[in-house]
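what's the 3D shape of this:
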Amino acid sequence: MIIIADSGSTKTNWTIISNKKEADGRHMMDTIRTQGLNPFFTSREGLIEAYEAVKNVCQNMQPGFDSKDIRVYFYGAGMDSDEAFERIRKPLLEVFPGAYTDIQSDLLASCRATCGDEPGMVAIFGTGSNSCLYDGKKMVANVTALGNALDCDEGSGNAIGRKLIYGYLRHRMPKELAEEFHKEYPLTQDDFLTGVYNKPNPNRFMASFAPFAVHRQDNEWIKNMLHDVYSLFFREQIAYYENAPKVLHATGSIAYYCKPTIEKVAEEFGYKMGVVIADPMEGLIQYHINQNFQD
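Numbers count the residues shown, from 1 in each chain. Just a heads-up that it's a prediction; the model follows:
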């Protein structure tokens with residue numbers, strides 16, 4: 001049995017895959033969603049609770065299963081140190097004693113979902129952003145993800161939300177668009193500033209406004225703003241990679257819904273977009289079936 005986890009800042013999507021097959025030849029599968037699991041922000045109790053929920057799904061799928069026969073592939077944000085790996089792995093092994101565990105970053109998940117065993121250049125555009133070069137097995141180059149505090153989430157929902165808030169509060173946004181924005185988000189200036197500076201997770205707060213832009217990409221002001229956002233991404237991240245392929249693969253909801261704009265900017269910088277998917281799970285399922293089950 002294989003368990004795949006794709007953990008973001010707000011939720012974790014799990015897919016459990018049995019070695020047994022349905023009548024149509026496909027592997028038996030089930031899914032569950034739990035809270036987002038961060039090695040430094042989620043308590044041990046929170047991790048255990050999520051793992052127990054997954055264990056219940058496994059028991060329903062295959063009663064009496066032996067956890068020593070389970071292979072767990074966990075991908076998540078913040079997985080960039082041995083300490084982070086152990087914070088995720090130790091409680092996991094309490095719930096699934098003896099299981100094989102492979103704890104990796106969400107960026108490697110995007111690589112495996114879009115490129116499989118082939119080399120490529122890959123980006124994530126979600127609440128935050130990141131990018132790398134991938135040799136078909138591991139990441140070989142990566143622009144340091146400095147995050148929201150240093151204004152380094154180029155191309156992300158956070159970056160788009162920040163531009164919207166700035167444009168609205170500084171009256172750069174056209175009047176009719178500003179009225180639409182206020183109708184959709186009836187907040188005061190103090191509300192915006194409190195969300196950005198005084199509340200937890202300001203990146204999520206700013207990213208929460210990104211759908212306003214995503215749904216209005218034909219608006220001239222929005223179009224120009226998104227063009228600026230993705231031009232900065234290519235200048236600050238993609239231009240860093242030497243001898244990189246000219247095709248960029250991407251995952252994340254922002255990547256999927258802003259694909260036309262990203263494609264246009266990519267062409268201006270001499271690149272093309274390859275595989276672009278909102279959710280890497282489908283690609284991860286195929287990747288790990290290929291790796292683990294020999295038909």
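
Every contact and neighbour count from this point should use C-alpha atoms.
Fine.

and residue 5, what is it in contact with?
For residue 5, the contact set (C-alpha atoms under 8 Å, 6 or more residues apart in numbering) comprises 12, 13, 14, 15, 72, 73, 74, 75, 76.

got a winner among the residues you listed for most neighbours?
Greatest neighbour count in these, by other C-alpha atoms under 10 Å, goes to residue 76: 25 neighbours.

thought it was touching residue 13?
No. Counting by C-alpha atoms under 8 Å, residue 76 does not reach residue 13; the two are 10.5 Å apart.

where do the contact lists of those two overlap?
5, 6, 7.

Tabulate those (CSV), appending pLDDT, distance to residue 283 and secondary structure.
Converted to CSV, the shared contacts of residue 76 and residue 13 look like this (pLDDT from 0 to 100; distance: C-alpha to C-alpha, whole Å; DSSP: H, G, I helix; E, B strand; the rest coil):
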residue, pLDDT, distance to residue 283, secondary structure
5, 97, 13, strand
6, 95, 11, strand
7, 91, 15, strand
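
closest to residue 293 among those residues?
residue 5 (18.2 Å; C-alpha to C-alpha).

which intervals of the stretch 151-295 of the chain have sub-threshold pLDDT?
Scanning the stretch 151-295 of the chain for pLDDT under 70 picks out 151-152, 294-295.

Strands of that one, start to end?
All strands of the stretch 151-295 of the chain, identified by DSSP state E, counting those that start in this stretch, fall at 247-251, 272-277.

Residue 110 is nearest to which of these?
Residue 110 sits nearest to strand 247-251 of all the strands of the stretch 151-295 of the chain, at 6.1 Å, using C-alpha to C-alpha.

quick one: strands adjacent to that closest one?
strand 120-125 (parallel), strand 272-277 (parallel) (DSSP bridges).

got the buried residues for that strand?
If you call a residue buried by 16 or more other C-alpha atoms under 10 Å, then strand 247-251 has these buried ones: 248, 249, 250, 251.

Neighbours of residue 180, how many?
Residues near residue 180, counting by other C-alpha under 10 Å, number 12.

Would you agree residue 141 falls within a strand?
Yes. Under DSSP: H, G, I helix; E, B strand; the rest coil, residue 141 falls within a strand.

Would you mind giving the domain segments of the protein?
With domains defined by automatic domain parsing, the chain comprises 2-98, 107-279.

measure the shortest one end to end?
Across domain 2-98, the terminal residues are separated by 14 Å (C-alpha to C-alpha, to the nearest Å).

how far does that domain sit from the chain's center?
17 Å (C-alpha atoms, centre = their mean, to the nearest Å).

Next one: residue 114 relative to residue 277, how far apart?
Distance from residue 114 to residue 277, counting by C-alpha to C-alpha: 8 Å.

let me redo that: residue 215
According to C-alpha to C-alpha, residue 215 and residue 277 sit 18 Å apart.

just residue 20 next, same as before
28 Å.
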